[in-house]
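> here is a sequence together with a model predicted from it:
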Amino acid sequence: MHSDETLDQLATEMLGLWNDHEPISTDACSVDVTTLTLDEAYQAQDHLIEKRVGQGERIVGYKIGCTSKSTRSGLGATTSVNGRLLAPGIHDDGAEFDHASMLAPAVEAEMVIHLRTGLAGPDLDDDTIRQAIDWVAPGVEIHAASFPAGKPSLQGLIATNCVHHSMVIGRPVPFPDGLDIDLDMEGIALVMNGELIESGVGLEIEGGPLYSLRWLAGELHRRSHHIEAGQYIIPGSTAGLYPVEPDTTVEARFTRLGTAHATFR
């Protein structure tokens with residue numbers, strides 16, 4: 001077991017990773033993150049988020065990760081994980097980023113779900129979840145894909161806030177009134193500079209997007225958190241992270257939701 005003071009110190013190091021955009025070497029890491037329990041990794045994440053909020057950021061939602069078989073296999077995971085979305089890391093469609101200022105940028109094509117009401121508690125039914133959804137949009141999730149001491153691990157993923165950097169959100173589509181959209185069968189494709197990188201459907205997000213929201217509400221309830229009205233949720237990706245080179249335009253293309261774009265100069 002690791003003390004709260006140890007986990008807070010680890011969070012301070014994760015904050016340095018975020019602020020300085022420099023990898024954390026083995027010597028600079030006060031604890032081997034692979035020795036943490038998953039609950040301890042989430043405690044370290046909580047400390048990290050508190051520190052980032054103390055710097056002026058604001059929690060605006062949650063992300064769910066490790067929803068694809070390929071990502072789970074690479075990290076030895078048997079369950080999904082979650083982190084927070086923070087402002088000002090929310091960007092409109094077409095946002096541009098300075099590649100040189102980012103640490104190991106990588107991307108995923110993601111649905112973005114915006115909630116009109118909060119969600120709390122375990123085992124929520126589909127009707128409750130559907131009624132909570134305000135709109136759905138295409139999105140590009142951007143990661144700073146660097147782990148403590150350079151070693152990918154499930155604990156390191158959680159402690160770094162799931163290596164989340166920012167989110168680019170396309171045009172919202174009202175749900176369920178705007179279009180008859182079956183989120184499970186919505187086609188999702190990641191395209192870079194016009195080349196198809198990967199594609200899938202919503203059901204390949206383990207159990208589908210509604211299942212993912214149900215899992216998140218239950219997991220947060222277990223840790224005495226909950227999803228608030230007005231927050232964004234990204235329910236997970238159908239595949240792994242893809243590194244981005246300079247001078248790349250990334251598109252997340254959806255069957256009916258449309259397209260979101262981000263450019264790395």
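Received, thanks. Numbers count the residues shown, from 1 in each chain.

> what segments of the protein are strands?
When secondary structure is read from DSSP state E, the chain shows strands at 58-65, 81-87, 90-92, 95-97, 105-115, 133-144, 164-169, 173-174, 187-192, 195-201, 232-234, 242-243, 248-254, 258-264.

> neighbouring strands of the fifth one in the sheet, and parallel or not?
Applying DSSP bridges to the sheet, strand 105-115 is found paired with strand 133-144 (antiparallel), strand 232-234 (antiparallel), strand 242-243 (antiparallel).

> make CSV out of the ones you listed and add mean neighbour count, mean pLDDT and distance to Asn193.
Using the backbone N, CA and C atoms, a C-beta is placed for each residue, glycine as well. As requested, the strands paired with strand 105-115 are arranged in CSV below (neighbours: other Cβ atoms under 10 Å; pLDDT from 0 to 100; distance: least, Cβ to Cβ, whole Å):
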stretch, mean neighbour count, mean pLDDT, distance to Asn193
strand 133-144, 23, 96, 14
strand 232-234, 25, 98, 23
strand 242-243, 15, 94, 12
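
> quick one, which of those strands gets closest to Arg256.
Each of these was scored for nearness to Arg256 using Cβ to Cβ, and the closest is strand 133-144 (9.6 Å).

> pull the CA atoms of that closest one into CSV?
Listed next in CSV are the C-alpha coordinates belonging to strand 133-144 (Å, rounded to 0.1, in the frame of the first residue of the first chain):
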residue,chain,number,x,y,z
ILE,A,133,-28.3,12.8,-23.7
ASP,A,134,-28.6,16.3,-25.1
TRP,A,135,-26.6,15.8,-28.3
VAL,A,136,-23.9,13.7,-30.0
ALA,A,137,-21.0,15.0,-32.1
PRO,A,138,-18.0,13.8,-34.0
GLY,A,139,-14.7,14.4,-32.3
VAL,A,140,-10.9,14.0,-32.4
GLU,A,141,-9.3,13.2,-29.1
ILE,A,142,-5.7,14.3,-28.7
HIS,A,143,-3.3,12.6,-26.3
ALA,A,144,0.0,13.4,-24.9
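
> still on that earlier bit, okay if I get the strands paired with strand 105-115 as JSON lines plus distance to Arg171?
Conversion of these to JSON lines gives the following (distance: least, Cβ to Cβ, whole Å):
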{"stretch": "strand 133-144", "distance to Arg171": "6"}
{"stretch": "strand 232-234", "distance to Arg171": "14"}
{"stretch": "strand 242-243", "distance to Arg171": "23"}
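
> tell me which of the ones you listed sits nearest to Arg84.
With Cβ to Cβ as the measure, strand 232-234 is the member of the strands paired with strand 105-115 nearest Arg84 (10.3 Å).

> starting at the chain centroid, how far to stretch 68-78?
Relative to its parent chain, stretch 68-78 has a centroid offset of 15 Å by Cα atoms, centre = their mean, to the nearest Å.

> show residues contacting that stretch.
65-66, 152-154, 157, 204-206, 236-241 (Cβ atoms under 8 Å, 6 or more residues apart in numbering).

> I'd like the distance between Ile49 and Glu57.
With the distance defined as Cβ to Cβ, to the nearest Å, Ile49 ends up 8 Å from Glu57.

> quick check: neighbours shared by these two?
Common contacts of Ile49 and Glu57 (Cβ under 8 Å, 6+ apart): Leu86.

> neighbour count for these two, which is higher?
Each of Ile49 and Glu57 has its neighbours counted (other Cβ atoms under 10 Å); Ile49 has more, 19 against 16.
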